[in-house]
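In: I'd like to go over a predicted model; first the sequence, then the structure.
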Amino acid sequence: MIRYKVFFLFIFIIFLFDISSINCYNDTENGKNIHIHHHKKKHQKYDIDLKNMINKDKNKEMKILIGLKKDAEILKKNLNKQTFNIFLSKTKKQGKVKEDKKENNKLKFLSFWRQRMKNRIKSIMRKIKRLEKKLKKMNLQSINKKKEERKLKTEEKIWANDKIRKKIKGITNLNKSTHKNKKKNKKMNKSIQKENILLEQTKKEERLKSFHLSQNISLNGLAGSSCQSHHECKPGLCCHRVKHPKPSDPIAICVLHDLIDGSPCKHSCACQSGLQCFSPSKNPKIINSHAICKKASTSDFINGVYENSKETVFDMDHIKFSS
């Protein structure tokens, strides 16, 4: 048994070293030469296909599988009957066979071993094909992932560009709105200036009205009614003290003056409604600057003197100035 094992190992080593030389072996027979030439052509085509596959597939695992597939194909072809018989004939020439029976037993053993090796190589080839399919699927998945990532990146860029465009639009809209607001503010400022001018005019008029004794203030005091000041009498009426009043009589009563426009006056209470007592100038040097009843104007308010006596009640003697 030990001899058989040693012999088997020796033959296996020779088999591995002589695989490359089997393809180049030249036989004298024409049929064998044709077969070897055909085998070389197939081997060259297979090498070209493998090179193309390696150039296409950059994955290391695919390269390893392709190399394994190449080696398995070479072994499978060398284990065919024709190539194996060539190998056996070569070993017969090298070794000195003494006994035919032992040689026949060895040949049977080698044929059995050849069949076993062929079956194993077939199973290896199946596994390699499965691995190739799996790797191809993985490569397709990786390619699809890359495509999806590129799509996502392009979509993100588009989204970012849309955001930037929206921001730019917003800025332009803001600029437009600010420009419009400036125009509106100019219009508003003009209108406000006009309103301010009108307000100033109305204020002046209100000031003049305040000097009108609130349209000669009191609307309750009629002629002969009791009073305590000029404001309690109606326009054109002034409050005068009664001389020697009885206990039942009032101390002061409203007396009718009803002075018209241009008549001299001492107090605005004596003027008709809508008229005020004004002296024409503040300068005391001007002669004949007597106060008269008139409709007050801005020049009267600025230059003239509003005659409103400090006396809240006149004596009965004051009736003379109105006559």
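Out: Everything's here; your move.
In: how about the helix or strand containing Cys239: buried residues?
Out: When secondary structure is defined by DSSP states H and E, Cys239 falls within strand 237-241. Residues 237-240 are the ones in strand 237-241 that count as buried (16 or more other C-beta atoms under 10 Å). Where you see a C-beta, it was placed from the backbone N, CA and C, and this is true even at glycine.
In: swap in stretch 118-136?
Out: Neighbour counts using 16+ other C-beta under 10 Å place 121, 124-125, 128, 131-132, 135 of stretch 118-136 among the buried residues.
In: Over to stretch 231-238?
Out: Using 16+ other C-beta under 10 Å as the burial criterion, the residues of stretch 231-238 that qualify are 231-238.
In: quick one: average confidence on it?
Out: If you average the pLDDT over stretch 231-238, you get 87.
In: Take that stretch, keep the C-alpha atoms, and write them as PDB.
Out: Output in PDB follows, covering the C-alpha atoms of stretch 231-238 (Å, rounded to 0.1, in the frame of the first residue of the first chain):
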ATOM      1  CA  HIS A 231     -69.400 135.700  30.500                       C
ATOM      2  CA  GLU A 232     -72.800 134.900  32.000                       C
ATOM      3  CA  CYS A 233     -74.500 137.300  29.500                       C
ATOM      4  CA  LYS A 234     -75.300 136.700  25.900                       C
ATOM      5  CA  PRO A 235     -73.300 138.400  23.000                       C
ATOM      6  CA  GLY A 236     -73.900 142.100  22.900                       C
ATOM      7  CA  LEU A 237     -74.800 142.100  26.700                       C
ATOM      8  CA  CYS A 238     -72.500 143.100  29.500                       C
END
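In: Let me see the confidence value for Asn26.
Out: At Asn26, the predicted lDDT confidence score is 44.
In: scratch that, Gly170
Out: You'll see Gly170 listed with a pLDDT of 70.
In: Equivalent analysis for Cys254, please.
Out: Cys254 carries a pLDDT value of 90.
In: domains for the protein, by residue range?
Out: Domain ranges of the chain: 2-152, 214-322, per automatic domain parsing.
In: give me the low-pLDDT residue ranges for the stretch 51-200 of the chain?
Out: By pLDDT under 70, the low-scoring segments of the stretch 51-200 of the chain are 51-63, 78-107, 175-176, 179-180, 182-187, 189-200.
In: Which residue is the nearest non-sequential neighbour of Gly221?
Out: Leaving aside its chain neighbours, Gly221 sits nearest to Cys233 (3.5 Å; criterion: C-beta to C-beta, 6 or more residues apart in numbering).
In: which helices and strands does the helix or strand following the strand holding Cys239 pack with?
Out: Under the assignment DSSP H and E, the closest C-terminal helix or strand after strand 237-241 is strand 252-256. Helices and strands touching strand 252-256, by 3 or more C-beta pairs under 8 Å, 6 or more residues apart in numbering; DSSP states H and E, are strand 237-241.
In: before we move on, back to that, hmm, Ser226 and the residue nearest to Gly221 touching each other?
Out: No: with contact defined as C-beta atoms under 8 Å, Cys233 and Ser226 do not form a contacting pair (10.1 Å).
In: Tell me where this structure has helices.
Out: In order along the chain, the chain carries the following helices (DSSP state H): 2-17, 19-23, 30-56, 60-78, 81-94, 100-210, 213-216, 298-303.
In: For Thr312, give its distance to Thr154.
Out: 95 Å (C-beta to C-beta, to the nearest Å).
In: swap that for Asp249, please
Out: Summarising the geometry, the distance separating Asp249 from Thr154, computed by C-beta to C-beta, is 110 Å.
In: Could you do Ser273 as well?
Out: Ser273 is 89 Å from Thr154, where distance means C-beta to C-beta.
In: So which of these two has more stuff around it?
Out: Shown here are Ser273 and Thr154; by other C-beta atoms under 10 Å, Ser273 has more neighbours (13 against 10).
In: May I have the phi/psi pair for the closest residue in space to the more buried one that isn't next to it in sequence?
Out: In this structure, Ser273 finds its nearest non-sequential neighbour in Pro235, 3.8 Å apart by C-beta to C-beta, 6+ apart. Summarising the backbone geometry of Pro235 under the convention degrees, to the nearest 10, its torsions are phi -60, psi 140.
In: Please tell me how far Pro235 sits from Val305.
Out: In this structure, Pro235 lies at 20 Å from Val305, with C-beta to C-beta as the measure.
In: for Ile292, same thing?
Out: Using C-beta to C-beta, we find Ile292 at a distance of 12 Å from Val305.
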